[in-house]
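A.B. asks: Task: produce atomic coordinates for the following.
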Amino acid sequence: IQTEYGNLAVSTVQMDPLVYAAFAMKGAEIMLRTSTLFSREDVICTAMTNQMYSAMSNIPYPKLPKYGGHSMIVGPDGAVLEELDSDSDEGYVLADIPIREFRRNRKIPQYALSLTRELFAHYKEEIPSDYYADTPAEELPQNGAEMKTFLDRRSRWIEDAESNVPELPAAPQRKRVRLR
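C.D. replies: Alright, predicted model coming up:
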């Protein structure tokens with residue numbers, strides 16, 4: 001989404017670097033993320049590897065302090081600009097993002113597509129991204145157990161457990177060399 005504040009992308013996905021790389025390739029400058037529990041390291045790595053700002057809004061959860069609370073904003077260098085210092089209290093964080101300067105200095109990350117293209121050509125994602133598109137609202141899952149059944153019925157991996165493993169070319173023969 002192009003705004004006066006920067007090009008925004010929004011995601012609830014956690015620990016999925018390919019999703020964030022895709023947003024970066026499409027020009028996202030600020031990744032807005034929400035979570036019900038998250039990994040601090042994931043937010044920092046997302047910002048660094050994709051050269052973007054990454055903001056995480058999380059729920060307070062004192063039972064799992066490592067994953068609850070601590071909403072944060074991270075710069076493209078991985079520096080935490082602001083962080084809510086609580087795992088149990090609600091609150092918010094604010095940080096200035098110098099978008100003009102960021103745009104002048106930003107370099108879109110380099111991705112090794114020549115090394116991964118063949119592998120991804122054979123990969124089949126488990127759940128299609130439009131898995132709910134044809135589902136009437138009254139048939140959508142209402143709880144965790146229903147969601148598991150709903151997703152299992154759409155899983156491409158369950159329907160064909162062997163097809164999601166790509167067949168790769170054989171590795172070249174190696175010679176053993178003794179160093180003295």
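
A.B. asks: Give me the neighbour count for the closest residue to residue 147 other than its chain neighbours.
C.D. replies: In space, and not counting its chain neighbours, residue 147 is closest to residue 141: 4.1 Å by C-beta to C-beta, 6 or more residues apart in numbering. C-beta: built from backbone N, CA, C; applies to glycine. Using other C-beta atoms under 10 Å, residue 141 has 14 neighbouring residues.

A.B. asks: Over to residue 51?
C.D. replies: With other C-beta under 10 Å as criterion, residue 51 counts 17.

A.B. asks: go on, residue 48?
C.D. replies: Counted with other C-beta under 10 Å, residues neighbouring residue 48 total 17.

A.B. asks: I figured residue 37 was touching residue 68, is that so?
C.D. replies: Yes: with contact defined as C-beta atoms under 8 Å, residue 37 and residue 68 form a contacting pair (6.0 Å).

A.B. asks: so what's in contact with the two at the same time?
C.D. replies: 58-59, 61 (C-beta atoms under 8 Å, 6 or more residues apart in numbering).

A.B. asks: Buried only: go through the residues you listed for me.
C.D. replies: Neighbour counting with 16 or more other C-beta atoms under 10 Å marks 58, 61 as buried within the shared contacts of residue 37 and residue 68.

A.B. asks: want to try CSV for the shared contacts of residue 37 and residue 68, with pLDDT and distance to residue 33 as columns?
C.D. replies: What follows is these, written out as CSV (pLDDT from 0 to 100; distance: C-beta to C-beta, whole Å):
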residue, pLDDT, distance to residue 33
58, 85, 9
59, 83, 13
61, 80, 16
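
A.B. asks: Compare residue 37 and residue 68 (neighbour count), which wins?
C.D. replies: For residue 37 versus residue 68, neighbours defined as other C-beta under 10 Å are more numerous around residue 68 (19 against 14).

A.B. asks: what's the pLDDT at that one?
C.D. replies: In this model, residue 68 is scored at 79, pLDDT.

A.B. asks: May I ask which helix or strand encompasses it?
C.D. replies: Assessed by DSSP states H and E, residue 68 sits outside every helix and strand.

A.B. asks: What backbone torsions are found at residue 81?
C.D. replies: The phi and psi values for residue 81, taken as degrees, to the nearest 10, are phi -80, psi -40.

A.B. asks: related to what we said a few turns ago, need the three-state assignment for the residue nearest to residue 147.
C.D. replies: Here residue 141 is coil, with the state taken from DSSP: H, G, I helix; E, B strand; the rest coil.
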